[in-house]
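Engineer: mind looking at a prediction? Sequence and model below.
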Amino acid sequence: MTIEDELYREIILDNYKSKKNRGTLENATLKSEGANPSCGDELELFVELDGKTIKRATYEGAGCSICCASANMLCDAVSGRDLDEVRDVLRRFKAMLLEGGDADFPDELSDLEAMEGVKQYPVRIKCALLSWSTLELMLRKNEDAPQPGAQ
Ligand SMILES: [Zn+2]
């Protein structure tokens with residue numbers, strides 16, 4: 001195992017163990033559930049929107065280490081970011097796991113690259129993507145919903 005693999009493994013483990021983003025969010029504007037039956041992962045994602053910015057995101061549920069680590073990373077990555085940036089991060093994360101090629105994240109999000117190794121285990125890709133797909137769906141639904149004041 002290379003030093004890089006070791007480092008990535010540690011980042012994933014730290015994110016898995018972290019309780020920082022775990023729990024329901026009282027002021028959640030949006031919430032959405034996601035499941036990955038092939039592994040048994042189930043989670044619920046909570047997002048508090050402030051205009052076009054995600055003020056805070058949390059998750060709750062039961063999942064494997066990859067699923068929970070990825071959800072924790074997601075909450076860190078999107079909290080405090082505006083929706084256009086969030087969509088960009090989402091696109092990059094999915095591309096990293098589904099399209100191959102090198103991961104390309106801004107420096108402050110470089111931890112997300114730790115998930116790239118999951119690509120070698122196709123059955124785990126869904127675990128890593130569960131929270132991200134859930135977020136994507138949630139944001140799309142929110143976009144389609146009539147905005148207050150709109151005709
Ligand atoms: Zn899983």
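Structural biologist: Right, received. Where do you want to start?

Engineer: quick check: the most centrally placed residue in the chain vs the ion, distance?
Structural biologist: Per C-alpha atoms, centre = their mean, the C-alpha nearest to the average position across the chain is that of Leu74, at 3.1 Å. According to C-beta to the ion, to the nearest Å, Leu74 stands 14 Å off from the ion. (C-beta placed from N, C-alpha, C; glycine too.)

Engineer: mind listing what that residue touches?
Structural biologist: By C-beta atoms under 8 Å, 6 or more residues apart in numbering, the contact list for Leu74 reads Leu45, Ala57, Tyr59, Ser131, Trp132, Leu135.

Engineer: in a helix, the second one, correct?
Structural biologist: I take that to be Ala57. No: assessed with DSSP: H, G, I helix; E, B strand; the rest coil, Ala57 is strand; it does not lie in a helix.

Engineer: that one bridge partners, please.
Structural biologist: Val47 (DSSP bridges).

Engineer: what sits against it?
Structural biologist: Asn21, Leu25, Leu45, Phe46, Val47, Glu48, Leu74, Cys75, Val78, Ser79, Leu135.

Engineer: ok so the third one is a strand residue?
Structural biologist: Yes: looking at Leu45 with three-state DSSP, it is inside a strand.

Engineer: run the chain-centre distance for the lowest-mean-pLDDT helix or strand in the chain.
Structural biologist: The helix or strand with the lowest mean pLDDT-type score in the chain, counting by mean pLDDT, DSSP states H and E, is helix 3-17 (a mean of 90). Centroid separation between helix 3-17 and its chain, computed with C-alpha atoms, centre = their mean, to the nearest Å, is 16 Å.

Engineer: helices or strands up against that helix?
Structural biologist: With contacts taken as 3 or more C-beta pairs under 8 Å, 6 or more residues apart in numbering; DSSP states H and E, helix 3-17 sits against helix 65-78.

Engineer: hey, C-alpha coordinates of the helix it packs on in CSV?
Structural biologist: C-alpha atoms of helix 65-78 as CSV (Å, rounded to 0.1, in the frame of the first residue of the first chain):
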residue,chain,number,x,y,z
SER,A,65,-18.2,2.9,6.5
ILE,A,66,-17.9,4.2,2.9
CYS,A,67,-21.5,5.4,2.9
CYS,A,68,-21.2,7.3,6.2
ALA,A,69,-17.7,8.7,5.5
SER,A,70,-19.0,10.0,2.2
ALA,A,71,-22.1,11.6,3.7
ASN,A,72,-19.9,13.3,6.4
MET,A,73,-17.6,14.6,3.7
LEU,A,74,-20.6,15.9,1.7
CYS,A,75,-22.0,17.8,4.7
ASP,A,76,-18.6,19.4,5.3
ALA,A,77,-18.2,20.2,1.6
VAL,A,78,-21.5,21.8,1.0
